[in-house]
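> Return atomic coordinates for the entry below.
(one chain, ligands or ions: 1)
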Amino acid sequence: MSSGRVIIVGGGFAGLSAAYTLMKRGITPLLLEAGDRVGGRGKGETVDGFSLDMGAFVFTSTYDTAFRLCEELGLTLVPSQMKFGHYRNGRWVTTTPDQSLWNFVRHVRTAITMGFLSPSGMRAASRVMRQMYREEPYLSFASDSRLAELDDEETYGEYLERLSVPESLRMTLGGPLKMILGDPELAGQALMRAYIGETMLSSGRVFMPERGIGSLSAALAARCSDATRVSTPVTRVVVEGGAATGVVVDGETIEADAVICAVPGTKVSGLIPELPEATRRALGAVSYSTGCRVVIGLDHSPLPSGWHGALFPEDGDTPLLLDRSVFLPACAPPGKSLLDLLIGRDRARELIPLADEEIKRELLGAARRKAPPGSALPEDDEGLFYRVYRWEEALCMGTPGMLAALANVPGQLAGHIESLFLAGDYMGIPSVNGALSSGERAANHAADLLASRAN
Ligand SMILES: Cc1cc2nc3c(=O)[nH]c(=O)nc-3n(C[C@H](O)[C@H](O)[C@H](O)COP(=O)(O)OP(=O)(O)OC[C@H]3O[C@@H](n4cnc5c(N)ncnc54)[C@H](O)[C@@H]3O)c2cc1C
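This next block holds a predicted model:
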């Protein structure tokens, strides 16, 4: 037990895991959240017995901190597998892993369509895969991942060029990321390769809390409710005499012995003008994709039997389609389904200002025009309910060299502003797991500092 007050700014996964970790160490922090509820980009909501995720929706197989927290909080983790159909070169191919002869034939077709079976595709694919297996220990989203060591000034596009990856295979290795993130070829090669590695090295296997990621943020929020104040935006972190000594809310200073700043990376410099120049530069590399999402409750399955999702990597207007109830059956009442339409890129930016009804019409219309054979996508006036979620800042993109530059930030701060700790997805491998583990790390450092002062 150490005495002293720790203030946490921001109640997304990073802030919540920091608060939860401090409470486990006997310290009740004060968590200040600008919005009217905590959870940030990991929020969920329940509508008519359906469990919806508003932002993040999938864990991969290496989310170690997320898995541990689910276990501690009593959330059941269920294994699942991504079974996507891909619309490529004007036709559908599927990667559904069933054992039939027909599926084997379909896989050959899939491999041809995706560019793996041309001579140049085979050569490039074997180079990419060999390198991926060699670097497997680095290419993960786990909390101890050494991915930052692979990060350099090379973009993902330059990496694919260097390995002579032909155009059709470039689409396979970048298309799904493009649908959600924007142009992956401009992002850093290390983070983009980690995304590909997660899918290829573990055959699309994932583990999720049975009621989705929102159930984890809700469980953390419940544990931290005594420490939380919502609708309380912090306007500044106070730094005096080389230490963080409080935060400003509504023009009033709340004093603290340590401050954990757990807001998105783009907002940190504005809150803390005293940051060292090198830290400001590193933070300047952080950028986020934009995302827009429509979730529709249905009384029938929208996608062909056995499919979890449908991808349109060549197309700028059609959203990623997911049937969440195939992926996580407990998220929908028996016999019902949850169709998720998710779009990133410039199209998300165009849609965000529109009214909910219009966004739903646009995305459903685009999806219906290229619906997979055997699917039953709803008409505009069908569906039990729908929700629209807009995210100006969605997934952390990772400019080349960003991970490497941010890995130096804790050392830079230690020398300049004692008792200030940064947490957030951008301080780990950007993801829910990165946010959770960065919050845990910041909380442990803050608690150690208070303990060392008490001695
Ligand atoms: C549509 C979408 C899909 C995604 N899909 C996935 C996925 O499938 N898997 C995955 O791993 N990740 C996914 N992500 C990313 C993931 O959600 C984030 O990486 C993670 O949730 C970030 O957590 P965080 O705590 O760092 O930040 P946030 O969740 O952004 O939390 C920051 C909090 O700080 C608060 N805040 C900001 N400024 C202030 C202030 N001045 N004072 C007080 N509070 C403030 C905000 O209101 C917010 O609650 C997705 C994100 C989106 C939006």
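
> Contacts made by the lowest-mean-pLDDT helix or strand in the chain with the rest, please.
None of the helices or strands of the chain scores lower by mean pLDDT, DSSP states H and E than helix 101-113, at a mean of 76. The contact list for helix 101-113 (CB atoms under 8 Å, 6 or more residues apart in numbering) reads 86, 88-89, 91, 93-97, 117-118, 168. Any C-beta I mention is one placed from the backbone N, CA and C, and that applies to glycine too.

> Which one of the residues you listed sits in the busiest neighbourhood?
His86 (24 neighbours; other CB atoms under 10 Å).

> Report the separation between the spatially closest residue to that one that is not a sequence neighbour and the ligand.
Nearest residue to His86 in three dimensions, chain neighbours excluded: Leu311, at 4.9 Å (CB to CB, 6 or more residues apart in numbering). Applying CB to the nearest ligand atom, to the nearest Å, the value for Leu311 to the ligand is 14 Å.

> so how many other residues sit close to Leu311?
Look at Leu311: counted by other CB under 10 Å, it has 22 neighbours.

> my read: Leu377 touches Ala371, true?
Yes: between Leu377 and Ala371 there is a contact under CB atoms under 8 Å: 5.1 Å.

> hang on, Leu449 is in a helix, isn't it?
Yes: per DSSP: H, G, I helix; E, B strand; the rest coil, Leu449 lies within a helix segment.

> right, and it touches Ser419 too?
Yes: when contacts are counted by CB under 8 Å, Leu449 is listed as touching Ser419 (6.1 Å).

> Quickly list what's touching both of the two.
With CB under 8 Å, 6+ apart, Leu449 and Ser419 have common neighbours Ala258.

> okay, the two: which has more neighbours?
Neighbour count, other CB under 10 Å: between Leu449 and Ser419, Ser419 has more, with 22 against 19.

> Look up phi and psi at that one.
Dihedral angles phi and psi of Ser419 (degrees, to the nearest 10) take the values phi 70, psi 20.

> What residues does it make contact with?
Here Ser419 is in contact with 243-245, 256-259, 446, 449 (CB under 8 Å, 6+ apart).

> buried set for the least confident helix or strand of the chain?
Within helix 101-113, the residues scored as buried using 16 or more other CB atoms under 10 Å are 106, 110-113.

> With stretch 368-380 instead?
Counting neighbours by 16+ other CB under 10 Å, stretch 368-380 gives 370-372, 375, 377-378 as buried.

> Show only the entries of those found in helices.
With DSSP state H as the criterion, helices contain none of the buried residues of stretch 368-380.

> Okay, and which of those residues map to strands?
Secondary structure defined by DSSP state E assigns none of the buried residues of stretch 368-380 to strands.

> Just send these back as a markdown table, with distance to the ligand too.
Listed next are the buried residues of stretch 368-380 as a markdown table, based on distance: CB to the nearest ligand atom, whole Å:
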| residue | distance to the ligand |
| --- | --- |
| Lys370 | 21 |
| Ala371 | 22 |
| Pro372 | 22 |
| Ser375 | 22 |
| Leu377 | 20 |
| Pro378 | 21 |
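
> wait, which of these is closest to Val234?
Closest approach to Val234 among those (CB to CB): Pro378, at 42.3 Å.

> who touches that closest one in this structure?
296, 298, 302, 339, 364.

> can you do 10 Å?
By CB atoms under 10 Å, 6 or more residues apart in numbering, the contact list for Pro378 reads 296-300, 302, 339, 360, 364, 367-368, 384, 386.

> Of those residues, select the buried ones using a ChimeraX command.
A single ChimeraX command selects the buried members of those (16+ other CB under 10 Å):
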select :296,297,298,302,339,360,364,367,384,386
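
> Please flag which of the contacts of Pro378 sit within strands.
Using DSSP E, those in strands are 296-298, 339, 386.

> Compile those residues into a markdown table and extend it with columns for distance to Phe207 and pLDDT.
Converted to a markdown table, the ones in strands among the contacts of Pro378 look like this (distance: CB to CB, whole Å; pLDDT from 0 to 100):
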| residue | distance to Phe207 | pLDDT |
| --- | --- | --- |
| Ile296 | 26 | 98 |
| Gly297 | 25 | 98 |
| Leu298 | 25 | 97 |
| Leu339 | 23 | 96 |
| Tyr386 | 28 | 97 |
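
> which one among the contacts of Ser419 gets closest to the ligand?
Val259 (11.5 Å; CB to the nearest ligand atom).

> where's the closest one, which helix or strand?
Using DSSP states H and E, Val259 sits within strand 258-261.

> In its sheet, which strands sit next to that strand, and in what direction?
Strand 258-261 pairs in its sheet with strand 6-9 (parallel), strand 420-422 (parallel), by DSSP bridges.

> Those strands into JSON lines, with extra columns for mean neighbour count and mean pLDDT?
Shown next, in JSON lines, are these (neighbours: other CB atoms under 10 Å; pLDDT from 0 to 100):
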{"stretch": "strand 6-9", "mean neighbour count": "28", "mean pLDDT": "98"}
{"stretch": "strand 420-422", "mean neighbour count": "25", "mean pLDDT": "98"}
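
> what's the closest of these to the ligand?
Comparing the strands paired with strand 258-261 by CB to the nearest ligand atom, strand 6-9 comes nearest, at 5.0 Å.

> next structured bit after that closest one?
Counting by DSSP H and E, what follows strand 6-9 is helix 13-24.

> need the contact list for the spatially closest residue to Pro373 that is not a sequence neighbour.
Closest residue to Pro373 apart from its sequence neighbours, by CB to CB, 6+ apart: Trp92 at 6.5 Å. Contact partners of Trp92, counting by CB under 10 Å, 6+ apart, are 85-86, 106, 109-110, 113, 304, 307, 310, 370-375.

> Quick check: Trp92 vs the ligand, distance?
Plainly put, Trp92 is 24 Å away from the ligand if you go by CB to the nearest ligand atom.

> Beta-bridge partners for that residue, please?
What pairs with Trp92, by the bridge criterion (DSSP bridges), is Tyr87.

> that older thread, which of the contacts of Trp92 sits closest to the ligand?
Nearest to the ligand among those: Ala310, at 16.6 Å, using CB to the nearest ligand atom.

> and the closest one, helix, strand or coil?
Ala310 is classified as strand under three-state DSSP.
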